[in-house]
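Participant: 3D model of this:
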Amino acid sequence: MIAFLLAQTIAITGGTVYPVSGPKIEHATVLIRDGKIAAVGASVTIPADAVKIDATGKWVTPGLIDGTGQVGLTEISAVPADNESFERGDTIAASFNVAEGINPASNLIPVTRIAGVTTTLASPGGNLVSGQAVLIDLDGATIEAMLIKSPVGMVVDLSENAKDTGGGSRAGVAARLRRAFDDALEYERRRADYDKGQMEQLSARAADLKALLPVLHGQEPVIAYANRRSDIQTALRIAKEYHLRMILAGAAEGWEVAGEIAAANVPVLVEPMDNIPSYDALGIRYENAALLAKAGVKIALMETDSHNSRNLRQQAGNAVAYGLTWDQALRAVTLSPAEMFGVADRYGSLDQGKVADVVVWSGDPFELSTGVEHVFIRGHEVPLTSRQTELLERYRHLPPKY
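Facilitator: Numbering: from 1, shown residues only. Below you'll find the predicted structure:
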């Protein structure tokens, strides 16, 4: 293991490589140097000092990217002291950025990454405007070492969960959000008057109104949670009114308005393993991801249960079982989320110059029987151990009964 830690050059040889940005390459080599991908192909020259990993008969893909969750922000859901994903006190928390709440020592991090998930969105929640999500790699002793991009987007909730913030009404939720947007623009126009106390009271603190301005000027996307068909249409309506860059999240009934979503050029974060109806999504179905993709919507997959972000590949397998093509599913957990979050120049595919987040699988990553054999994050091989594997080894051989 020491050799791996010290080596600057690693060659993963002989595997079937799925770059995502192009067709698969049989018997190929992925060359990693100084944390970046130096070369990919069937005839790569391997330096003499490279550490070689034989991937013959294996599959090699980019690390998977989970499109939502609170990995690093939560540990035990029922214990408030272990949850850092929301700011109490106001329903407009636009200035709240979750980055400094991330715990690099979280036990959920190794549990997630040994399943091939190397990157996740750390997302706030719990408010109408919950705050700023950040993108992290699941390796590093400090927050700075983990951060990829901060912020990635402003999280808002237009689902049933937000009704209390609008006085118990979906219409009230939409009105409250519009007022926050209008007040932010008014704050920008009349900043001097605001500072002198010569304006009527606005709907949020100055810091939150200021944080909304990059969203309203198209510099930062809104990540809008909406499941019911009418809520999705409300989100699209607001995006059009304010010229927002929007990413829909959830969109459980998205298949019903897939054409409208595609026409608006709005990408969607979807959870394809969920089909249990609720009053928030009576029309939910397993085929949602496939039907959205068929309509021309860019999709990425997400696992909303942070304690089970490791199930992202099962989400992808389920999506394939219900109509998504295998290639579309792989893209939906690699390059598509990288594109949505604005990091596709560095992440999401195995291309020269990109960050070396690479996974070697024993077979098809979307088959439950497939194992993870190697995980590289920023060119560093991470150990395939977690609290769960340690407990397995501890109790694998029980002492004799007395």
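
Participant: which secondary structure element contains Leu31?
Facilitator: strand 25-33 (DSSP states H and E).

Participant: pLDDT on that strand, on average?
Facilitator: Taken as a whole, strand 25-33 has a mean pLDDT of 98.

Participant: in it, what's buried?
Facilitator: Residues of strand 25-33 classed as buried by neighbour count (16 or more other CB atoms under 10 Å): Ile25, Ala28, Thr29, Val30, Leu31, Ile32, Arg33. For the C-beta atoms, the positions are set from N, CA and C on the backbone; glycine is no exception.

Participant: quick one: contacts of the helix or strand just after that strand?
Facilitator: Sequence order places strand 36-41 as the next helix or strand after strand 25-33, per DSSP H and E. Residues from elsewhere that reach strand 36-41, judged by CB atoms under 8 Å, 6 or more residues apart in numbering: 9, 17, 19, 25, 28-32, 45, 350-356, 358, 379.

Participant: and strand 36-41, how far out from the chain middle?
Facilitator: Offset of strand 36-41 from its chain centre (CA atoms, centre = their mean, to the nearest Å): 24 Å.

Participant: for it, C-alpha coordinates in PDB please.
Facilitator: Extracted in PDB, the C-alpha atoms of strand 36-41 (Å, rounded to 0.1, in the frame of the first residue of the first chain):
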ATOM      1  CA  LYS A  36      -4.900  13.600 -13.300                       C
ATOM      2  CA  ILE A  37      -5.700  11.200 -16.200                       C
ATOM      3  CA  ALA A  38      -2.600  11.400 -18.400                       C
ATOM      4  CA  ALA A  39      -3.800   9.000 -21.200                       C
ATOM      5  CA  VAL A  40      -6.600   6.500 -22.100                       C
ATOM      6  CA  GLY A  41      -6.500   4.000 -24.900                       C
END
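
Participant: longest helix in the protein, please.
Facilitator: helix 170-189 (DSSP state H).

Participant: what sits up against the strand holding Leu31?
Facilitator: Residues contacting strand 25-33 (CB under 8 Å, 6+ apart): 8-17, 19, 37-42, 44, 46, 50, 56, 60, 350, 356, 358, 376, 379.

Participant: just the residues you listed: which are in strands?
Facilitator: Cross-referencing these against strands under DSSP state E gives 9-17, 37-41, 60, 358, 376.

Participant: so, low pLDDT: which residues of the chain?
Facilitator: 1-7, 402 (pLDDT under 70).

Participant: go with 50
Facilitator: Scanning the chain for pLDDT under 50 picks out the ranges 1-6.

Participant: strands along the stretch 251-400 of the chain, start to end?
Facilitator: Counting by DSSP state E, counting those that start in this stretch, the stretch 251-400 of the chain has strands at residues 268-270, 299-301, 358-361, 372-377, 380-381.

Participant: what's the closest of those strands to Ala175?
Facilitator: Set against Ala175 and scored by CB to CB, the strands of the stretch 251-400 of the chain come closest in strand 268-270, at 24.5 Å.

Participant: just checking: what are the partner strands of that closest one?
Facilitator: In the sheet, strand 268-270 lines up against strand 246-250 (parallel), strand 299-301 (parallel) (DSSP bridges).

Participant: ok, residues contacting the shortest one?
Facilitator: Under the contact criterion CB under 8 Å, 6+ apart, strand 299-301 has outside partners 65-67, 267-272, 289, 292-293, 312, 315-316, 319, 328-329, 332-333, 336-337, 340.
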